[in-house]
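[1] Got a predicted structure plus its sequence, pasted below:
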Amino acid sequence: MFEYRAFLIKYAEIGVKGKNRYLFEDALVGQIANALKKIEGNYKVYKQPGRVFVEAGKGDIDYEGALNALKRVMGVLHICPVYIADTTELDKVYDEAVTYIGECYPSESFTFKVMAKRSNKKMPKTSPEISADIGGLILDNYGDRLTVNVKNPDKFITVELRDKAYIYSETIKGEGGMPIGTAGKAMCLLSGGIDSPVAAYMMARRGVKVEAVYFHAPPYTSERAKQKVVDLARLTARYAGNIKLYVVNFTDIQLAIYEKCPHDELTIIMRRYMMKIAEDLAKKDECFGLVTGESIGQVASQTMQSLLTTNAVCELPVYRPVICFDKQDIIDVSKRIGTFETSILPFEDCCTIFVAEHPVTKPLLSKIEKDEHKLDDVIEELYKKTIESIEIINCEPMEIE
């Protein structure tokens, strides 16, 4: 296998930014460099107009590890393993391109098309002329197994002439989206289910820095259930970056709701208090909104009427990235990002313990608010106690073998 020691990184939406484009590019460069810190090798990350480059220094590198790390960096559209020739003299570039093909594909047969791009328009030849020259030389040297197909080639042989010649023939899909943090910060209500890690991932893909809150209900939920959520946060952090996880002991508030409020309204009222607590934490950390994994009609608490009722307690906007997804759509994403197998582990979360046999599906906000007044004599003290007992866990990306 040809030993690549550099990557050319392409981005999409960043390219249409205006005068502040450099801020997004700098964020992407920083996050690529951070993603490669734990990968074997010394990597230099730098930008050029429309591109970001990663070059490995001397010594051994973990090519597959570096590639996998780059695939998870938000903002990276495509990754191209690239050979860098330290010249822009056309004759030398031609020789380097022919040598590259011979070393990279010593025995394969395929069709190809050469695409040359030059940043210096004063070069003695145009891009189409350079493409034709390189294509002709490739045929001269490897015409017994390689043929030209300009309409539908097996491979595009690309030569970008910048300060040096960058030659590549493979394009690997990245995550796309926007660099983490360029769109602000949000607080995700993270359960042990399938949906909320996907919602967190999708917000991160749009450049949102994600924090998370989990509502724990010991002894009704076990430490294994809590660890499951920590693991989900760490798995999500592989894409979203480190996640600050707030673990809220919600037992006392749940028991008070169970004792004092109508049982068919348990889920809605508990959900409203979860949103209140999450919003308090979000405001404290200067987040711009809440994030949930709710999908319309999936369960009783996710009907349009129920969502209206839970939203009513919030001042911050509530973002629901999977609101119109079918369950299978969500499952497909969770499998791709590696959270599905952990999400389906059979450890209960606090919502499943205090669920009514026949929960209300079309709650009236006025009635819910009236019934919540039954908590007036205890809720202030319970709320204060709950906030004071919050545990904070810093969830770093989980390494997967």
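    Right, received. Where do you want to start?
[2] hey, where'd the helices end up in this protein?
    21-35, 63-71, 90-104, 127-142, 195-205, 223-240, 251-260, 266-284, 304-311, 327-337, 340-343, 350-353, 365-372, 379-388 (DSSP state H).
[3] could you give the mean pLDDT of the fourth one?
    To tie it back to what came earlier, the one meant is helix 127-142. Mean pLDDT, helix 127-142: 97.
[4] I'd assumed Glu55 was in contact with Leu36.
    No. With contact defined as C-beta atoms under 8 Å, Leu36 does not count as touching Glu55 (11.0 Å). All C-beta spots, glycine's among them, are computed from the backbone N, C-alpha and C.
[5] The two - which one has more neighbours?
    A side-by-side neighbour count of Leu36 and Glu55, using other C-beta atoms under 10 Å, places Leu36 first with 24 against 14.
[6] could the helices of the chain go into a markdown table alongside mean neighbour count and distance to Ala186?
    Listed next are those as a markdown table, based on neighbours: other C-beta atoms under 10 Å; distance: least, C-beta to C-beta, whole Å:
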| stretch | mean neighbour count | distance to Ala186 |
| --- | --- | --- |
| helix 21-35 | 18 | 17 |
| helix 63-71 | 17 | 24 |
| helix 90-104 | 17 | 43 |
| helix 127-142 | 16 | 44 |
| helix 195-205 | 27 | 6 |
| helix 223-240 | 22 | 11 |
| helix 251-260 | 19 | 23 |
| helix 266-284 | 21 | 7 |
| helix 304-311 | 18 | 15 |
| helix 327-337 | 16 | 18 |
| helix 340-343 | 18 | 20 |
| helix 350-353 | 18 | 21 |
| helix 365-372 | 15 | 24 |
| helix 379-388 | 14 | 20 |
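[7] Can you say which of those is nearest to Ala212?
    Set against Ala212 and scored by C-beta to C-beta, the helices of the chain come closest in helix 223-240, at 5.6 Å.
[8] now that closest one: how far from the chain's centre is it?
    In terms of C-alpha atoms, centre = their mean, to the nearest Å, the gap separating the centre of helix 223-240 from the centre of its chain is 15 Å.
[9] Just the angle for it relative to helix 327-337, thanks.
    Counting by axes from the mean of the first three to the mean of the last three C-alpha atoms, to 10 degrees, helix 223-240 points 70 degrees away from the direction of helix 327-337.
[10] elements contacting helix 223-240?
    Applying 3 or more C-beta pairs under 8 Å, 6 or more residues apart in numbering; DSSP states H and E, one finds that helix 223-240 contacts helix 195-205, strand 209-216, strand 243-249, helix 327-337, helix 340-343, strand 391-395.
[11] With distance to Ala278 as added columns, please give these in JSON lines.
    Formatted as JSON lines, these follow (distance: least, C-beta to C-beta, whole Å):
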{"stretch": "helix 195-205", "distance to Ala278": "12"}
{"stretch": "strand 209-216", "distance to Ala278": "5"}
{"stretch": "strand 243-249", "distance to Ala278": "8"}
{"stretch": "helix 327-337", "distance to Ala278": "21"}
{"stretch": "helix 340-343", "distance to Ala278": "20"}
{"stretch": "strand 391-395", "distance to Ala278": "14"}
